[in-house]
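S.K.: model this:
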Amino acid sequence: MRLDTSGAFHESNPKLLEASYKVAYEIANQKKPHTLGEDLIKPCTLMMAEHILGKEAEKLAAVSLSKNTVQRRISNIANDINDQVVQQIKLSPFGLFAIQLDESTDVASCSQLMVYARYVHNEEVKEEFLFCLPLEATTKAKDIFCCP
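M.R.: Numbering: from 1, shown residues only. The predicted structure follows:
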């Protein structure tokens with residue numbers, strides 16, 4: 001539930017929310033700008049739906065695809081995936097897991113620390129990316145070890 005423009009509570013439709021998350025996921029998966037939802041996907045979807053469904057297409061206008069909403073949805077999805085991976089690591093048989101650290105330089109010549117975890121889940125060895133942090137100074141072992 002949320003406040004609408006009049007200050008009254010408005011309950012959002014779960015299907016609209018799910019559709020917004022699915023579009024945000026696809027935008028992130030395709031590595032496209034977050035503005036794509038509002039600038040291209042929503043107008044095209046509304047145009048196609050209006051052409052095919054007529055007045056029923058008005059329901060699609062309520063799907064929120066603004067830049068901030070897409071950014072928030074992608075962040076929520078990332079946090080959920082991270083939580084799932086951490087939970088799977090905790091449930092690994094005998095608590096066995098391995099962490100791999102790797103330093104890499106991105107296209108802007110900034111050093112990044114990338115962290116991966118390898119663990120057993122459902123009798124299968126899985127390797128998942130955990131996080132990436134910028135290295136402020138150098139890429140020496142001391143800097144990597146002291147990275148926040």
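S.K.: contacting residues around I77?
M.R.: Contact partners of I77, counting by CB atoms under 8 Å, 6 or more residues apart in numbering, are Y21, A24, Y25, A28. For glycine as for every other residue, the C-beta is placed from the backbone atoms N, C-alpha and C.
S.K.: Let me know how buried the second one is, in neighbour terms.
M.R.: The burial metric for A24, expressed as a neighbour count using other CB atoms under 10 Å, is 23.
S.K.: what's the pLDDT at it?
M.R.: Per-residue pLDDT puts A24 at 95.
S.K.: Work out for me the element it sits within.
M.R.: A24 belongs to helix 14-29 when elements are defined using DSSP states H and E.
S.K.: Helix, strand or coil: sort out the most centrally placed residue in the chain for me.
M.R.: Nearest to the mean C-alpha position of the chain, by CA atoms, centre = their mean, lies I74 at 3.1 Å. Under the three-state scheme (DSSP: H, G, I helix; E, B strand; the rest coil), I74 adopts helix.
S.K.: How is this protein partitioned into domains?
M.R.: Split into domains by automatic domain parsing, the chain comes to 2-78, 91-145.
S.K.: Tell me which helix or strand comes right after the strand or helix carrying Q84.
M.R.: Per DSSP H and E: Q84 is located in helix 67-90. Under the assignment DSSP H and E, the closest C-terminal helix or strand after helix 67-90 is strand 97-105.
S.K.: which outside residues touch that following strand?
M.R.: With contacts defined as CB under 8 Å, 6+ apart, strand 97-105 is touched by 89, 111-119, 130, 135, 139, 144.
S.K.: okay but A62 is in contact with L16, surely?
M.R.: Yes. A62 lies in contact with L16 (CB atoms under 8 Å); the separation is 5.3 Å.
S.K.: still on that earlier bit, any of the contacts of strand 97-105 buried? List them.
M.R.: I89, S111, L113, A117, Y119, L135, I144 (16 or more other CB atoms under 10 Å).
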